[in-house]
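Asks: Just need the structure, nothing else, for what follows:
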Amino acid sequence: MKREDITHLAQLSRMTVTDEELDALATELPKIVSYVSAISDIAAIEGDKTPVVGPVHNVFREDVITNEADGHTADLLREMPVTEGRYMKVKKILKTNTD
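Replies: Numbers count the residues shown, from 1 in each chain. Sure thing, here's the model as predicted:
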């Protein structure tokens, strides 16, 4: 994998990557992709298109608020590159018929 590709992925992820990390990722990422591809191939061979880990069952519980209102809002807003009041401002990615 090219260093430019890794740098681009890091920028998309808003991560800072050192030169040493770039070198390590250049060798590690292709191995990770190959491993995930092998797992997908095995699942396809076994006819299981959607692997399930563990039993599937419904969990019923009372719907109650378990955290304080605005308990993490300030921390989250502080990490966002652009905010507007109490809102996180993000790039528009969906088109509607009115656009």
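Asks: how much space between Pro55 and Arg61?
Replies: Look at Pro55 and Arg61: by Cβ to Cβ, to the nearest Å, they are 18 Å apart. For glycine as for every other residue, the C-beta is placed from the backbone atoms N, C-alpha and C.
Asks: residue ranges with poor pLDDT in this structure?
Replies: Low-confidence segments of the chain (pLDDT under 70): 43-52, 98-99.
Asks: ranges for the helices of it?
Replies: Applying DSSP state H to the chain gives helices spanning 3-12, 19-45, 73-79.
Asks: among the ones you listed, which is nearest Lys95?
Replies: Among these, helix 3-12 comes nearest to Lys95, with 20.4 Å by Cβ to Cβ.
Asks: Can you name every helix or strand that the closest one contacts?
Replies: Using 3 or more Cβ pairs under 8 Å, 6 or more residues apart in numbering; DSSP states H and E, the elements in contact with helix 3-12 are helix 19-45.
Asks: Which positions in the helix it packs on come out as buried?
Replies: Leu25 (16 or more other Cβ atoms under 10 Å).
Asks: angle of that helix against helix 3-12?
Replies: Between helix 19-45 and helix 3-12, the angle comes out at 90 degrees (axes from the mean of the first three to the mean of the last three Cα atoms, to 10 degrees).
Asks: Specify the stretch among the helices of the chain that is closest to Asn67.
Replies: Across the helices of the chain, closest to Asn67 is helix 73-79 (Cβ to Cβ), at 10.9 Å.
Asks: now what about that closest one, what contacts it?
Replies: Contact with helix 73-79 is made by 83, 86, 88, as judged by Cβ atoms under 8 Å, 6 or more residues apart in numbering.
Asks: Output those in TSV; the columns should cover neighbour count and distance to His72.
Replies: Converted to TSV, the contacts of helix 73-79 look like this (neighbours: other Cβ atoms under 10 Å; distance: Cβ to Cβ, whole Å):
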residue	neighbour count	distance to His72
Thr83	13	14
Arg86	10	12
Met88	13	12
